[in-house]
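> dropping the sequence and predicted coords here.
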Amino acid sequence: MIGNCAVSALVDANAHIVWCCLPRFDGDPVFNALIQPGDDGSRFAIELEDQVESRQWYEPNTAVLRTRLTDRSGNSIEVTDFAPRFHARSRFFRPMLLVRRVRPVQGSPRIRVTANVRFGWGSEKPAITRGSNHLRFVGADLTLRLNTDAPLSHVLSGQPFVLSREYNFLLGADESLPFGIADAARSYEQDTVAYWRQWTQRLAVPLEWQDAVIRAAITLKLSLYEDTGAIVAAMTTSIPESAHSGRNWDYRYCWLRDAFFVVRALNSLSETATMEDYLRWLSNVVVEASDGHIQPLYGIGLERELPEHFVPQLAGYRGMGPVRAGNQAAEHFQHDVYGNIVLGAAQAFHDQRLLHAAGPAEFARMEQIGELAVKVYGTPDAGMWELRTRARVHTSSALMSWAACDRLAKIAESLQLPDRAEYWHGHARRMKDEILEKSWSEKRQAFAESFGGNELDASVLLMAEVGLIDPRDPRFVSTVDAMEQTLCDGPYMRRYEAADDFGKPDTAFNICTFWRIDALARIGRRAQAREIFEAMLAARNPLGLLSEDTHAETGEMWGNFPQTYSMVGIINAAMRLSAPWDSVI
């Protein structure tokens with residue numbers, strides 16, 4: 001993944017851009033080959049003739065990607081991909097622009113360059129116009145310009161040519177560059193590398209697994225749509241959760257639940273700017289919720305309506321449709337959302353480093369959210385797994401109502417408002433007692449997924465993570481044991497045991513595995529937790545990224561990519577399990 005907090009793209013191991021939505025994360029996939037296999041898929045390819053080898057890496061501590069391709073005669077090229085991001089003129093420069101630089105490394109390699117842009121979800125071929133050093137791809141709603149110092153005739157025809165020197169390709173808005181193509185590409189790369197290295201230098205990383213944590217942190221940062229402060233769950237749509245499952249969803253939106261976990265993970269590394277950006281977005285969500293109902297997700301521009309529909313002209317990932325745009329879950333009632341709002345905002349009331357610390361006015365707004373958490377507590381909802389045909393009083397939803405009240409009480413104490421603190425403590429005490437009583441299953445000797453239920457659900461592990469229960473409590477330990485016997489396939493963990501709208505899940509859900517790691521560490525089984533964490537690190541792709549799901553037998557990635565929830569798990573596990581810095585210095 002490359003990006004700059006305004007646009008992003010996915011680059012495969014052969015230096016093909018196979019996924020890119022413009023003009024923003026949830027826009028039209030102008031390169032769609034990820035979900036349209038074969039020649040019909042659109043991509044931006046820089047191909048080495050007779051290629052036999054590929055090696056790919058990020059420039060250390062940056063979001064700048066290098067791909068080294070070698071042919072059967074030993075000729076090789078290096079492709080550099082990035083989206084510019086740096087500070088200039090008292091603002092962040094993050095244009096709608098992808099930069100590709102290709103240079104010969106050895107011999108006389110022959111390359112073919114193809115910029116196969118499509119609009120209208122693959123249905124519209126653009127009109128192409130040509131300038132002296134640029135091509136324009138003209139669509140009904142968007143026009144893109146490719147500025148390049150490579151021979152335009154070769155790019156238009158797809159004709160292979162010998163790469164005798166470095167060439168640059170800058171694809172973005174239909175605007176002229178402020179200076180020469182090569183100078184712009186070189187300057188953008190230098191400044192972008194410098195930005196990311198300065199950004200990572202300020203992270204408070206753990207002693208162990210630093211590379212994994214830094215890569216996860218950069219990936220989470222790239223999932224921030226900085227213009228509004230929204231954080232998307234993933235960059236893709238319709239990558240199935242398992243083969244031919246039909247569990248194909250559009251994740252290019254901001255779930256309040258996922259965003260809270262992203263904010264908390266980055267906060268743990270002392271990267272609080274993302275939280276401040278997100279709180280801008282969140283405050284607008286709260287203010288606009290005039291009817292008292294807050295959706296579990298919104299569009300990155302605060303769109304409330306995200307109508308879900310099929311895109312029949314696209315075949316789907318590996319031909320495994322359907323392809324969906326939009327997400328019906330925006331219409332759901334998921335009662336954990338109010339707790340996630342308060343949890344996401346809580347640090348702003350306690351952290352004196354922030355440029356815009358929260359105070360009494362923001363607390364009054366959060367109290368309104370708390371009242372909604374009280375109102376929906378103990379009532380049926382779709383749950384955090386967004387079950388479309390079944391409602392229950394989910395333990396995880398009740399848990400988050402408790403968390404809202406608990407954190408509001410602590411904020412009130414910090415603001416020296418003893419009456420409000422006691423009010424919220426009273427609600428929290430009542431909820432805690434009821435949750436521990438009604439979610440306990442004597443039959444399973446575990447906390448169940450719903451009040452009065454007997455089925456197991458990994459989300460119950462959050463009881464310890466958000467502080468409802470002492471992890472050493474025998475009931476919580478017994479719950480972990482029961483889940484390991486029922487939900488785990490080796491190191492991996494599934495979400496739940498019951499069948500859902502599509503049957504029983506057959507892949508492990510990565511964040512659940514990380515919840516298990518956290519629970520094991522909290523109850524004192526650190527060696528086992530470290531062993532599972534190493535298995536999850538091995539499940540990443542060669543660049544250190546994770547999707548939503550992992551197949552326990554094949555180790556193959558499934559689900560949308562890269563999944564912020566999964567990258568959060570890497571940070572949380574490393575922070576909890578790492579040896580302390582003072583053990584070596």
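Noted; the coordinates are in hand. Numbering: from 1, shown residues only.

> make it CA atoms for all contacts and neighbour counts henceforth
OK.

> assign a three-state SS to the residue lying closest to residue 12 once chain neighbours are set aside, would you?
Counting by CA to CA, 6 or more residues apart in numbering, residue 18 is the residue found nearest to residue 12 once chain neighbours are left out, at 6.7 Å. Judged by DSSP: H, G, I helix; E, B strand; the rest coil, the three-state class of residue 18 is strand.

> correct me, but residue 18 touches residue 11?
Yes. Under the contact definition of CA atoms under 8 Å, residue 18 touches residue 11, with a separation of 6.0 Å.

> contacting residues for the residue nearest to residue 530 when sequence neighbours are not counted?
Distances taken as CA to CA, 6+ apart place residue 577 nearest to residue 530, at 6.8 Å, with adjacent residues excluded. Contacts for residue 577 (CA atoms under 8 Å, 6 or more residues apart in numbering) come out as 521, 526, 529-530.

> likewise residue 491?
513, 532, 535-536.

> now with 7 Å, please.
532, 535 (CA atoms under 7 Å, 6 or more residues apart in numbering).

> cool, and residue 336?
Residues in contact with residue 336 (CA under 7 Å, 6+ apart) are 396-398, 400-401.

> for residue 544, state which of these is nearest.
Using CA to CA, the shortest approach to residue 544 within the contacts of residue 336 belongs to residue 396, at 29.8 Å.

> where does the closest one land on pLDDT?
On pLDDT, residue 396 comes in at 96.

> please, which helix or strand holds it?
Mapping residue 396 onto the secondary structure by DSSP states H and E places it in helix 395-414.

> which strands and helices sit next to the next helix or strand after that helix?
Scanning the chain past helix 395-414 towards its C-terminal end, the next helix or strand to appear is helix 418-438 (assignment: DSSP H and E). Using 3 or more CA pairs under 7 Å, 6 or more residues apart in numbering; DSSP states H and E as the contact definition, the elements that helix 418-438 packs against are helix 395-414.

> hey, C-alpha coordinates of the helix it packs on in CSV?
Coordinates of the C-alpha atoms in helix 395-414 are reproduced here as CSV (Å, rounded to 0.1, in the frame of the first residue of the first chain):
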residue,chain,number,x,y,z
THR,A,395,-22.7,-8.9,25.7
SER,A,396,-20.2,-6.8,23.7
SER,A,397,-22.8,-4.0,23.2
ALA,A,398,-23.7,-4.0,26.9
LEU,A,399,-20.0,-3.9,27.7
MET,A,400,-19.5,-0.8,25.6
SER,A,401,-22.4,1.0,27.3
TRP,A,402,-20.7,0.2,30.6
ALA,A,403,-17.4,1.6,29.2
ALA,A,404,-19.1,4.8,28.2
CYS,A,405,-20.4,5.4,31.7
ASP,A,406,-17.1,4.3,33.4
ARG,A,407,-15.0,6.7,31.2
LEU,A,408,-17.5,9.6,31.7
ALA,A,409,-17.2,9.2,35.5
LYS,A,410,-13.4,9.4,35.2
ILE,A,411,-13.6,12.4,33.0
ALA,A,412,-16.0,14.1,35.4
GLU,A,413,-13.5,13.4,38.2
SER,A,414,-10.7,15.0,36.1
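
> quick one, helices of the stretch 101-250 of the chain?
Secondary structure of the stretch 101-250 of the chain (DSSP state H, counting those that start in this stretch): helices at 152-157, 181-201, 210-222.

> check the stretch 451-585 of the chain too.
Secondary structure of the stretch 451-585 of the chain (DSSP H, counting those that start in this stretch): helices at 462-465, 474-486, 510-522, 526-539, 564-577.

> which residues touch the shortest one?
Read it as helix 462-465. The contact list for helix 462-465 (CA under 7 Å, 6+ apart) reads 399, 469-471.

> closest one of those residues to residue 105?
Looking across the contacts of helix 462-465 and measuring by CA to CA, the closest to residue 105 is residue 471, at 55.0 Å.

> tell me the SS of residue 333?
Under the three-state scheme (three-state DSSP), the conformation of residue 333 reads as coil.

> which phi and psi does it have?
Dihedral angles of residue 333 (phi, psi; degrees, to the nearest 10) stand at phi -110, psi 110.

> show me what the closest residue to it other than its chain neighbours is bridged to.
With CA to CA, 6+ apart as the criterion, residue 333 has its nearest non-adjacent residue at 5.7 Å, and that residue is residue 381. Beta-bridge pairing of residue 381, defined through DSSP bridges, involves residue 392.

> against residue 294, how distant is residue 381?
13 Å (CA to CA, to the nearest Å).

> and for residue 300?
15 Å.

> same question for residue 303.
The span separating residue 303 from residue 294 equals 12 Å under the rule CA to CA.

> the nearest residue to residue 486 once chain neighbours are set aside: how many residues sit nearby?
Spatial nearest neighbour of residue 486, excluding adjacent residues (CA to CA, 6+ apart): residue 497 at 7.3 Å. If you count neighbours by other CA atoms under 10 Å, residue 497 ends up with 15.

> now the helices: where do they sit in the stretch 251-400 of the chain?
Along the stretch 251-400 of the chain, the segments classed as helices by DSSP H, counting those that start in this stretch run 256-268, 273-288, 337-346, 360-376, 395-414.

> what about burial for the contacts of helix 462-465, which qualify?
Listed as buried from the contacts of helix 462-465 are 399, 471; burial here means 16 or more other CA atoms under 10 Å.

> who touches the spatially most central residue of the chain in this structure?
Taking CA atoms, centre = their mean as the criterion, residue 564 is the residue nearest the geometric centre of the chain, at 2.5 Å. Taking CA under 7 Å, 6+ apart as the criterion, residue 564 is in contact with 220, 233-234, 262.

> as CSV, those with distance to residue 315, pLDDT and neighbour count would be great.
As requested, the contacts of residue 564 are exported to CSV (distance: CA to CA, whole Å; pLDDT from 0 to 100; neighbours: other CA atoms under 10 Å):
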residue, distance to residue 315, pLDDT, neighbour count
220, 29, 98, 28
233, 23, 98, 29
234, 20, 98, 24
262, 32, 96, 30
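
> the more surrounded of residue 303 and residue 294?
When residue 303 and residue 294 are compared on other CA under 10 Å, the one with more neighbours turns out to be residue 294, at 25 against 12.

> give the contact list for residue 148.
When contacts are taken as CA under 7 Å, 6+ apart, residue 148 is in contact with 133-134, 168-170, 181.

> quick check: it vs residue 116, distance?
To residue 116, residue 148 is 15 Å away according to CA to CA.

> repeat that for residue 197.
Relative to residue 116, residue 197 is positioned 33 Å away (criterion: CA to CA).

> what about stretch 293-302, average pLDDT?
If you average the per-residue pLDDT over stretch 293-302, you get 94.

> which residues are in contact with that stretch?
Counting by CA under 7 Å, 6+ apart, residues outside stretch 293-302 touching it are 228, 230, 253-256, 285, 304, 330-334, 337.

> what is the nearest of the residues you listed to residue 558?
The nearest one, if we look at the contacts of stretch 293-302 relative to residue 558 and count by CA to CA, is residue 253, at 18.7 Å.

> pLDDT wise, what is that closest one at?
98.

> again, but for residue 500
Model confidence at residue 500, expressed as pLDDT, equals 65.

> for the helix holding residue 396, packing partners?
helix 337-346, helix 360-376, helix 418-438.

> which residues are in contact with it?
By CA under 7 Å, 6+ apart, the list of residues contacting helix 395-414 reads 335-336, 338-340, 342-343, 346, 349, 370, 373-374, 377-378, 383, 418, 420-422, 424-425, 427-428, 431-432, 439, 449-451, 459-460, 463, 466.

> for residue 213, which non-adjacent residue is spatially closest?
What sits nearest to residue 213 in space, not counting adjacent residues and going by CA to CA, 6+ apart, is residue 571, at 5.3 Å.

> near that neighbour, how many other residues are there?
Neighbours of residue 571 under the rule other CA under 10 Å: 26.

> low pLDDT regions in the protein?
Within the chain, the set of residues satisfying pLDDT under 70 comprises 290-291, 387-390, 499-503.
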